[in-house]
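*Asks:* Structure, please.
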Amino acid sequence: MKAGPIGFTRAAGNFDGRDGDAVLAQTDDGAAMKDGLPDDDHLNNANMGTPPDGQPPTMQMYLTGSGPGYDVLQGNWGDDAATVYHEYTHGLSNRLVVDADGVSTLNSQQSAAMGEGWSDWYALDFLNNRGVLKDSPRTDGEVTLDPPGWSDELPARSQAMDRSVGSTSARCPGTKEAGPGGYTYGDYGKIADGRRCTPTARSGGRRSGTCAPHSAAGSPSRW
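*Replies:* Have a look, this model is predicted:
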């Protein structure tokens, strides 16, 4: 990330321990909030809080588990590479897209949606380039933020990332307002009511787009 075009160097605000702002990773955050178990605010999610340069960011990874009306495999998002890299990319974008005081400007619904999209894309593209994540050019629906075996009753995104715009695949339903296939930036106003969307991007020649439930402004998260 130090190399161009990203240029996430020490001077640009990266997480260099010499400046006292190495990432603080909390891999079991909230694991014993309620009778030795997570409460509803510390389950099936993760987040990355990134203050200005010189102050350590905090990555909080929650446990996973079932809740009222849905079944989810028990685990820990700290063990899931896609989630870890997704949250780390929030740190990257919240240090590079800032105001004159170094405070992140990705705090409105639209800019936060862009932040979610960048985090999804960089995390999954990195894993694909490393050969960890499969992405066949002839198959839609392989690249998802959720790990294998994750319950479809609580997906992180409304669609997989590798969705061609206008695709008629059953794995690529889109929405009634936006039409089938991956979303584009032009679809934002059609599907962004309380939701965060990842417009179509290119990864290894593929195009993708997805959307996720909206989380609180200023708290960029897996959701």
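*Asks:* can you tell me which helix or strand Tyr122 belongs to?
*Replies:* Tyr122 belongs to helix 109-129 when assigned by DSSP states H and E.
*Asks:* and Ala100, how many neighbours?
*Replies:* 5 (other CB atoms under 10 Å). C-betas here are computed from N, CA, C, even on glycine.
*Asks:* again, but for Asn76
*Replies:* Neighbours of Asn76 (other CB under 10 Å): 17.
*Asks:* Can you read off the pLDDT for it?
*Replies:* Asn76 carries a pLDDT value of 93.
*Asks:* Mind listing the residues bridging to it?
*Replies:* Leu63 (DSSP bridges).
*Asks:* Hmm, Ala82 is touching Ala123, no?
*Replies:* Yes: applying CB atoms under 8 Å, one finds Ala82 in contact with Ala123, separated by 5.1 Å.
*Asks:* distance between the ends of stretch 156-171?
*Replies:* With CA to CA, to the nearest Å as the measure, the ends of stretch 156-171 fall 15 Å from one another.
*Asks:* Just the buried positions in it, please.
*Replies:* Across stretch 156-171, burial judged by 16 or more other CB atoms under 10 Å covers 156-165, 167.
*Asks:* And the strands in the protein?
*Replies:* Secondary structure of the chain (DSSP state E): strands at 24-26, 46-49, 58-61, 63-64, 75-76, 195-203, 206-213.
*Asks:* who touches the fourth one?
*Replies:* Right, the one you point to is strand 63-64. Under the criterion CB atoms under 8 Å, 6 or more residues apart in numbering, residues 28, 30-31, 38, 42-44, 72-77 lie in contact with strand 63-64.
*Asks:* can you give me how far that strand is from the chain middle?
*Replies:* 16 Å (CA atoms, centre = their mean, to the nearest Å).
*Asks:* List the buried residues in the helix holding Tyr122.
*Replies:* For helix 109-129, by 16+ other CB under 10 Å, it's 112-128.
*Asks:* next one: stretch 76-95
*Replies:* Quick answer for stretch 76-95 (16+ other CB under 10 Å): 76-78, 80, 82-95.
*Asks:* So which of those residues belong to helices?
*Replies:* Using DSSP state H, 82-95 are the members of the buried residues of stretch 76-95 that sit in helices.
*Asks:* Using JSON lines, please lay out those residues together with distance to Asp19 and pLDDT.
*Replies:* As requested, these are exported to JSON lines (distance: CB to CB, whole Å; pLDDT from 0 to 100):
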{"residue": "Ala82", "distance to Asp19": "28", "pLDDT": "94"}
{"residue": "Thr83", "distance to Asp19": "26", "pLDDT": "95"}
{"residue": "Val84", "distance to Asp19": "22", "pLDDT": "96"}
{"residue": "Tyr85", "distance to Asp19": "22", "pLDDT": "96"}
{"residue": "His86", "distance to Asp19": "24", "pLDDT": "96"}
{"residue": "Glu87", "distance to Asp19": "20", "pLDDT": "97"}
{"residue": "Tyr88", "distance to Asp19": "17", "pLDDT": "96"}
{"residue": "Thr89", "distance to Asp19": "20", "pLDDT": "97"}
{"residue": "His90", "distance to Asp19": "19", "pLDDT": "97"}
{"residue": "Gly91", "distance to Asp19": "14", "pLDDT": "97"}
{"residue": "Leu92", "distance to Asp19": "16", "pLDDT": "96"}
{"residue": "Ser93", "distance to Asp19": "19", "pLDDT": "96"}
{"residue": "Asn94", "distance to Asp19": "16", "pLDDT": "97"}
{"residue": "Arg95", "distance to Asp19": "12", "pLDDT": "96"}
